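Enquirer: coordinates for the following, if possible.
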Amino acid sequence: MPQDPLPPDALEPGDIPAQPLAKRKQPGELRSTRWFGPADLRSFGHRSRAMQMGYSPEEWTGKPVIAIVNTWSDLNPCHVHFKQRVEDVKRGILMAGGFPVELPAISVSESFVKPTTMMYRNFLAMECEELLRSHPVDGAVLMGGCDKTTPGLLLGATSMDIPCIFLPAGPMLRGNWQGKVLGSGSDSWKYWDELRAGKITDQDWLGVEGGIARSYGTCMTMGTASTMTAIAESVGMVLPGGSSIPAADAGHIRLASESGRRIVDMVWEDLTPQKIQTREAFENAIAVAMAMGCSTNAIIHLIAMARRAGQDIGLEDFERFSRRVPVIGNVRPSGNTYLMEDFFYAGGIRGLMNRIREHLHLDCLTVTGRTLGENIEGAKVFNDDVIRTTADPIYGQGSLAVLKGNLAPDGCVIKPAAMDQRFLKHSGPAVVFDDYPSMKKAVDDEEYPFTPDTVMVLRNAGPQGGPGMPEWGMLPMPKKLLKMGLRDMMRMSDARMSGTSYGACVLHVAPESYIGGPLALLRTGDIVTVDVEARSIRMEVSDEELARRRAEWKAPEKRFERGYGWVFTQHIQQANEGCDFDFLRTDFGAPVSEPVIY
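Expert: The predicted structure follows:
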């Protein structure tokens with residue numbers, strides 16, 4: 001073992017031996033051999049063009065060609081370090097006897113892409129799948145982490161189904177302002193409300209702005225980024241402990257190199273995503289997500305990922321685990337103190353999984369060639385307040401709850417672990433907005449008739465209505481209520497919200513209002529009743545009145561008449577189905593064959 005150990009949540013490279021499966025591939029069986037091997041004119045062209053780039057035949061002949069799908073860009077702060085990390089991955093591939101090739105992919109930056117990155121998750125999935133299919137590659141390292149890049153890359157790689165390993169970007173370091181620790185997103189919302197309430201100054205706000213994101217990496221709260229990389233690891237697609245190593249930690253460099261080394265052996269072993277991503281593996285991911293205090297976005301992405309792998313995971317699976325797995329990851333926003341850096345050094349994902357091992361299928365295969373149980377064996381927790389025991393959770397049930405009723409017959413989601421508990425059972429009059437600008441104007445109007453019991457509703461913000469189901473679901477608190485000292489209220493929409501968000505927000509209402517879901521029939525003044533324990537949500541309106549309103553309802557104008565937006569709205573599925581494109585489903589048609597080469 002090396003004398004300079006990795007941080008406590010990571011295994012040493014020497015701890016991950018090659019695990020030969022039943023039969024190892026021979027060089028002539030490599031997929032890339034179809035491009036480089038034959039003694040014909042077309043392969044002459046492939047070889048000569050590789051030599052044009054300065055490579056010698058000795059560098060690729062008989063070796064696995066490894067694609068590094070890199071989502072780096074100058075407008076993705078989460079992935080700034082990928083410009084260097086790709087070189088670390090290449091170093092590992094070369095050490096293991098592979099031939100690395102970098103294939104850039106759309107970056108899908110959560111911070112900058114509008115109207116929402118959710119418009120482009122499936123775009124990235126298609127790009128990843130087709131990059132791998134169309135090029136002479138035998139395996140891939142997938143470099144992602146910013147919210148939609150993790151599911152996007154894994155969706156594409158699963159559909160292509162060649163050996164792949166996921167390299168997470170890692171969370172950024174803790175934020176800091178005036179001696180206070182700042183958390184991505186969560187403290188943005190908090191201090192914005194304090195500014196609007198007159199509790200801090202504009203100069204204070206500028207200080208928060210400059211201190212909240214002080215290194216490269218993803219959000220360091222338990223937002224969607226860390227939720228999804230933890231899910232990728234618990235499904236089995238990340239090296240043990242890799243999902244929570246901070247981006248700026250030297251251990252992350254070593255993780256990049258080790259991922260490069262490991263993928264070469266995975267090619268020889270023919271260890272593909274379909275062999276790893278079983279139904280049991282996705283159940284492991286749901287259990288881990290619930291225990292971590294996950295983002296609500298986990299539901300949409302996990303359903304899509306599982307169904308790409310041919311596993312029929314649905315809302316009922318989340319509800320099942322919500323009832324039995326408590327939140328033990330004391331990380332904001334479900335927790336109230338710690339951030340991902342604290343989580344990692346407290347024992348990280350391996351420590352957390354070891355503490356909920358009774359809820360996991362320990363015999364699931366992972367990218368190490370070993371089982372999940374073997375990967376977490378002996379994992380320790382070094383701070384029992386950051387990673388609690390199941391006997392002392394921060395919340396007694398799972399992070400998320402699925403509600404159904406006449407407002408959401410196909411379901412919606414709420415995050416009870418990160419809300420004012422008095423709203424777990426609530427009835428109040430709806431105040432309904434059909435678009436974001438009118439809602440934004442109203443919340444700053446101190447004369448608008450909001451009360452502490454109001455249920456604020458935003459509709460036409462779902463997959464087609466947004467368009468793209470943007471993260472608008474944490475509706476801003478009305479200034480009137482902020483000045484009364486209130487910091488939460490019941491809010492509802494068919495949108496999503498950031499995993500860094502918090503509050504009594506009912507999200508993902510399905511079917512969405514834009515296509516005529518029941519939310520489209522709700523009117524200001526109607527009483528809305530939410531009962532989280534009973535998992536119910538309803539508007540107190542008679543069936544006869546709803547039928548009358550439906551007869552009067554008119555569909556909104558279409559959002560797009562051309563381009564990618566048109567494709568999106570023609571084929572996007574609803575939130576409860578994972579928001580995948582219908583034509584990308586595993587069962588849509590016959591598998592795509594290998595490209596012809598003539």
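
Enquirer: going forward, measure contacts between C-alpha atoms and count neighbours the same way
Expert: Will do.

Enquirer: chain center to stretch 29-44: distance?
Expert: 38 Å (CA atoms, centre = their mean, to the nearest Å).

Enquirer: next one: stretch 90-101
Expert: Distance, centroid of stretch 90-101 to centroid of chain: 28 Å (CA atoms, centre = their mean).

Enquirer: didn't residue 102 look like it was pressed against residue 69?
Expert: Yes - at 6.2 Å, residue 102 counts as touching residue 69 under the criterion of CA atoms under 8 Å.

Enquirer: residues shared between the contacts of those two?
Expert: With contacts defined as CA atoms under 8 Å, 6 or more residues apart in numbering, no residue is shared by residue 102 and residue 69.

Enquirer: could you count how many residues lie near residue 40?
Expert: 10 (other CA atoms under 10 Å).

Enquirer: quick one on the thing from earlier: residue 102 and residue 69: who's more crowded?
Expert: The neighbour comparison of residue 102 against residue 69 (other CA under 10 Å) goes to residue 69, with 24 against 16.

Enquirer: list the beta-bridge partners for that one.
Expert: Beta-bridge pairing of residue 69 under DSSP bridges involves residue 103, residue 142.

Enquirer: please pull out the lowest mean pLDDT helix or strand from the chain.
Expert: When each helix and strand of the chain is scored by mean pLDDT, DSSP states H and E, helix 186-196 comes last, with a mean of 92.

Enquirer: tell me what it is packed against?
Expert: Packing partners of helix 186-196 (3 or more CA pairs under 8 Å, 6 or more residues apart in numbering; DSSP states H and E): helix 202-211, helix 479-483.

Enquirer: could you dump the ones you listed into a markdown table and include distance to residue 86?
Expert: Formatted as a markdown table, the helices and strands packed on helix 186-196 follow (distance: least, CA to CA, whole Å):
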| stretch | distance to residue 86 |
| --- | --- |
| helix 202-211 | 28 |
| helix 479-483 | 46 |
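
Enquirer: the residue lying closest to residue 282 once chain neighbours are set aside: neighbour count?
Expert: With sequence-adjacent residues excluded and distances taken as CA to CA, 6 or more residues apart in numbering, residue 282 is closest to residue 235, at 5.7 Å. Residue neighbour count, defined by other CA under 10 Å, stands at 29 for residue 235.

Enquirer: same question for residue 179.
Expert: Neighbours around residue 179, by other CA under 10 Å: 7.

Enquirer: ok, it to residue 213 distance?
Expert: To residue 213, residue 179 is 15 Å away according to CA to CA, to the nearest Å.

Enquirer: OK, contacts around residue 454?
Expert: Residue 454 neighbours (CA under 8 Å, 6+ apart): 428, 429, 430, 431, 489, 490.

Enquirer: same thing but at 10 Å, please
Expert: Listed by CA atoms under 10 Å, 6 or more residues apart in numbering, the contact set of residue 454 reads 426-431, 489-491, 524-525, 527-528.

Enquirer: then residue 305?
Expert: By CA under 10 Å, 6+ apart, the neighbours of residue 305 are 151-156, 158-159, 232, 277, 282, 299, 311-313, 578, 580, 585.

Enquirer: and residue 535, by the same measure?
Expert: Here residue 535 is in contact with 319, 401, 402, 403, 404, 405, 411, 412, 413, 414, 424, 425 (CA under 10 Å, 6+ apart).
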